[in-house]
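>>> The following block contains a protein sequence and its predicted model.
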Amino acid sequence: MYVYDQYDQTIVDQRVAQFRRQTERYLAGELTDAEFLPLRLQNGLYIQRLAPMLRIAVPYGLLNTTQLRKLAEISRNFDKGYAHISTRQNVQLNWPKLEEVPDILAELASVQMHAIQTSGNCIRNTTTDQYAGVAVDELEDPRPYCEIIRQWSTFHPEFAFLPRKFKIAVCGTEEDRAAIRAHDIGVELVKNASGDVGFKILAGGGLGRTPVIGAVVSEWIEKKHLLTFLEAILRVYNQHGRRDNKYKARIKILVKAMGVDAFREAVDAEWVKIKDGPTTVTDEEFDRAKSFFTAPDYAAIDTEAAQRTLAEQFATDPVFENWYKRNTVEHRVPGYRIVNVLLKSTGIPPGDVTDTQLDLIADLADQYSFGELRTTHQQNIVLADVQQSELYALWQSLQKADLATANLGFLTDMICCPGGDYCSLANAKSIPVAEAIQSRFSDLDYLYDLGPLELNISGCMNACGHHHIGHIGILGVDKKGEEFYQISLGGSQAKDASIGKILGPSFKRNDMPDVIEKVLSTYLDLREEEETFLDTYRRAGIEPFKERVYAKAN
Amino acid sequence: MPKLIKQGAIVEDAWQTVDPEHASADPCRILSLEQWLATDDKATRGVQLEPGESPEPLLAALDSIPLIAIHFPVLTDGRGFSYARELREQGYRGELRAYGHFMPDQMTYLHRCGFDAFQLADESRLDAALACLDDFSEFYQAAIDQPLPLFRRRTS
């Protein structure tokens, strides 16, 4: 993974010192609330319902075990002994004290981490595929490009006060696991007609109040132009994005208002001024970035023998076989598997992880996966490089720590924002809804029969829980002080991305498990052969679901 | 006379802020864009851009304009950062002044985007603003103060 040199470390250390001074000035009354607001947000610090919330950056979801142990230590010493994995692959603390945040940042800086630009109207953490570098369907590892974008966007002087937040995602695979079409800018590694790898650039995707699928701004640009092209898009947005209404300030609204052709022309007009300038990325820089993301020292494995051992283990322990089938994924190197550590145990808010679990995951990553791990936007953790022969021992350890629920990609592996329990923006709680649904549908055979199903919950329009792109989406709404929940169906974050359609009037919280059950039984009745929920929905449309759910009780 | 930061020091100067009601003939009075577009004396008059006023109309006169002020009515409106960079990239060498309700903590970004004069609405903060210019000694991106991005300068 990327390792800081003296330049990176200097920048992060100076940031800690700067934020310490800012916090002191605020506490001394020298900065007003309105002035401190953008300063603290650009350091990931929110003032929430019950306490401040600190969002720590995990660039493109990659961590080493030293960093993970530091996060465990910080959550123990400065918080209540747990942390939360967010839908942007970051880590959140729910109970830090404002006056201690500079100390937390100093601790983070000691392991090459920070909270820079994890909030605020600036360029946020660049996200990517959690299987980057090990996925079988990968054209090229996206992480070197993520790191190049990270450096360019960190304290970019021109783009720190944009009309609204700005999110970039990069993917390099056939299957889009980074949801690039739901981002302000999506960057996709693609080959052009002559076989050269470059980037396809999309812009204007986003969730929130007005969900939009990103439009193609350029079908293909040469790699070296990546940063100047991004800069041109940001310049158009910074100058022309709306600032009069925060709900209309995202780039998606600008692209819609101008029309994608006019937007593209405006970008090109900015681009010609800076194209081939000093920000053009050099071959040396690409090589340097790539040098941090080389393959680890994989062992040569007798795959046939490993396969036989696995078969024996499966025969004696079907629960292990099931976990293997559900939570591990094919690796590009024979004899290795990608392991998903699920933070979706019933009764625990999705994505929450305790300090003890973090320490354990660090130990397991050291023992079994070259000392590195990834956070995922589905709010799980990935150990990317585990030898097949060690899966059984790893699984046993995970099971003891309640980290082996075999539900990856199934209904109960849901994405959920912190909601009204923590967040001051939320209209409704989301965690209790997640929990009620997980409790109702805890039977694994039923879940497997339903097949792959993404259920996403957001406690408000801001859509941190990505409800628009869930196959089933749940949105908390406030009606005269009471919490209600609206359901949408048919969203998708994959390459065939789509925005879910609202089913109808919203429901009370207690009714949600029953309503979801009706949606699921409609699917099971309509399903043909091997159809997934999304297939059936796309074939049959929303009407049969509507009829069943809103049928008058006899 | 108003105090401001110029060339790394707190100074006073003779420029007077825009009078939107009246296009003064006093050469020290900064003109609004509208007033500047109407004057015959484009080469010697200072001009101020508001958010939403593109620098485009100034480009033809960049060699002669002595002062361009960019107004920040609120600290969160960042359009002026792009205007400044654009003006410098298009060859403007005269004084580029940030004027209004920005914060000392934005000084680094303003300076990097090409501003060389800083007139805060709250003059009592000029010392704090001057100190904030030293918040960072190293930067990743190319900008006006450092035309090469770090990746073209790294030595290890």
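That came through fine. Residues are numbered from 1 along each chain as shown, chains lettered A, B, ... in the order given.

>>> count of neighbours near the one residue in chain B that gets nearest to chain A?
Closest residue of chain B to chain A, Cβ to the nearest Cβ: B:G78 (2.8 Å). C-beta coordinates here come from the backbone N, C-alpha and C atoms, glycine included. B:G78: 28 surrounding residues under other Cβ atoms under 10 Å in any protein chain shown.

>>> Where does the prediction get shaky in the chain?
No chain specified, so I'll use chain A. For chain A, the stretches with pLDDT under 70 are A:48-50, A:553-554.

>>> that answer is for a different chain, and I need it for chain B
B:156.

>>> Could you pull out the helices in it for me?
Counting by DSSP state H, chain B has helices at residues B:33-38, B:79-89, B:107-112, B:126-132.

>>> Mind putting these into CSV with mean neighbour count?
Shown next, in CSV, are the helices of chain B (neighbours: other Cβ atoms under 10 Å in any protein chain shown):
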stretch, mean neighbour count
helix B:33-38, 16
helix B:79-89, 24
helix B:107-112, 23
helix B:126-132, 17
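
>>> any chance of these in JSON lines, with distance to A:K80 too?
Formatted as JSON lines, the helices of chain B follow (distance: least, Cβ to Cβ, whole Å):
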{"stretch": "helix B:33-38", "distance to A:K80": "54"}
{"stretch": "helix B:79-89", "distance to A:K80": "39"}
{"stretch": "helix B:107-112", "distance to A:K80": "35"}
{"stretch": "helix B:126-132", "distance to A:K80": "35"}
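
>>> Okay, and the beta partners of the residue positioned nearest the centre of chain B?
In chain B, the centroid-proximal residue (Cα atoms, centre = their mean) is B:R97; its distance is 2.6 Å. Beta-bridge pairing for B:R97 (DSSP bridges): B:A69, B:A117.

>>> Report the contact partners of it.
B:L4, B:W15, B:L67, B:I68, B:A69, B:I70, B:F115, B:D116, B:A117, B:F118, B:Q119 (Cβ atoms under 8 Å, 6 or more residues apart in numbering or on different chains).

>>> now do A:S86
Contacts of A:S86 (Cβ under 8 Å, 6+ apart): A:R55, A:Q92, A:G351, A:Q379, A:C464.

>>> A:A28 versus that one, what's the distance?
32 Å (Cβ to Cβ, to the nearest Å).

>>> now A:E372
42 Å.

>>> From B:I65, how far out is B:P57?
In this structure, B:P57 and B:I65 are 11 Å apart, going by Cβ to Cβ.

>>> So which of the two has more stuff around it?
The neighbour comparison of B:P57 against B:I65 (other Cβ under 10 Å) goes to B:I65, with 21 against 14.

>>> so what's the more buried one closest to, chain neighbours aside?
In space, and not counting its chain neighbours, B:I65 is closest to B:G94: 5.5 Å by Cβ to Cβ, 6 or more residues apart in numbering or on different chains.

>>> Enumerate every residue touching the one you found.
B:L62, B:I65, B:P66, B:L67, B:I68 are the contacts of B:G94 under Cβ under 8 Å, 6+ apart.

>>> rewinding a little: nearest spatial neighbour of the residue of chain B closest to chain A, chain-adjacent residues omitted?
A:F161 (2.8 Å).

>>> Can you name the residues of chain B that neighbour chain A?
Applying Cβ under 8 Å from any Cβ of the partner chain, we find that chain B lies next to chain A at B:51, B:54, B:75-79, B:81-83, B:85-86, B:89, B:103, B:105-106, B:108-110, B:112-113, B:128, B:135-143, B:147-152, B:154, B:156.

>>> if you set the cut-off to 6 Å instead, what comes out?
B:76, B:78-79, B:81-82, B:85, B:103, B:105, B:109, B:112-113, B:135-136, B:138, B:140-143, B:147-151, B:156 (Cβ under 6 Å from any Cβ of the partner chain).

>>> rewinding a little: which of the contacts of B:G94 are the two that sit furthest away from each other?
By the measure Cβ to Cβ, B:L62 and B:L67 form the most distant pair in these, at 12.0 Å.

>>> Nearest residue to the middle of chain A?
A:H377 (2.4 Å).

>>> okay but that one is in contact with A:T87, surely?
Yes. Using Cβ atoms under 6 Å, A:H377 is in contact with A:T87, at 5.1 Å.

>>> any bit of the helix or strand containing A:L227 sitting next to chain B?
Using DSSP states H and E, the element containing A:L227 is helix A:226-240. Yes. Contact of helix A:226-240 with chain B (Cβ under 6 Å from any Cβ) involves A:R235, A:N238, A:Q239.

>>> With neighbour count as added columns, please give those residues in JSON lines.
JSON lines is the format used below for these (neighbours: other Cβ under 10 Å):
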{"residue": "A:R235", "neighbour count": "23"}
{"residue": "A:N238", "neighbour count": "24"}
{"residue": "A:Q239", "neighbour count": "21"}
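
>>> Count residues in the vicinity of the residue nearest to A:I253 when sequence neighbours are not counted, would you?
Among residues not flanking A:I253 along the chain, A:R242 sits closest, at 6.2 Å (Cβ to Cβ, 6+ apart). Applying other Cβ under 10 Å, we find 16 residues neighbouring A:R242.

>>> could you flag which of the contacts of B:G94 are buried?
B:L62, B:I65, B:L67, B:I68 (16 or more other Cβ atoms under 10 Å in any protein chain shown).

>>> What residue in chain A comes nearest to chain B?
Chain B sits closest to A:F161 of chain A, with a gap of 2.8 Å, by Cβ to the nearest Cβ.

>>> Checking my notes, that residue in a strand, right?
No. Counting by DSSP: H, G, I helix; E, B strand; the rest coil, one finds A:F161 to be coil, located in no strand.

>>> Against A:Q42, how distant is it?
Counting by Cβ to Cβ - A:F161 and A:Q42 are separated by 9 Å.

>>> With B:T108 instead?
Distance from B:T108 to A:Q42, by Cβ to Cβ: 12 Å.

>>> Spatially nearest residue to A:I301, not counting backbone neighbours?
According to Cβ to Cβ, 6+ apart, the nearest residue to A:I301 is A:G335 (3.0 Å).

>>> And that neighbour, how far from A:A306?
6 Å.

>>> Could you do A:A428 as well?
48 Å.

>>> Name the residue in those two with the higher neighbour count.
Taking neighbours as other Cβ under 10 Å, A:A428 and A:A306 compare with A:A428 leading, 25 against 18.

>>> Which elements pack onto the helix or strand containing A:V386?
Counting by DSSP H and E, the element that carries A:V386 is strand A:381-387. Strand A:381-387 is packed against strand A:336-341, strand A:372-375, with contacts defined by 3 or more Cβ pairs under 6 Å, 6 or more residues apart in numbering or on different chains; DSSP states H and E.

>>> send the alpha carbons of it over as CSV?
C-alpha atoms of strand A:381-387 as CSV (Å, rounded to 0.1, in the frame of the first residue of the first chain):
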residue,chain,number,x,y,z
ILE,A,381,-14.1,-5.6,5.9
VAL,A,382,-12.1,-7.7,3.4
LEU,A,383,-9.0,-9.8,3.9
ALA,A,384,-7.9,-10.0,0.3
ASP,A,385,-5.2,-12.6,0.2
VAL,A,386,-5.9,-15.7,2.2
GLN,A,387,-4.5,-19.1,1.3
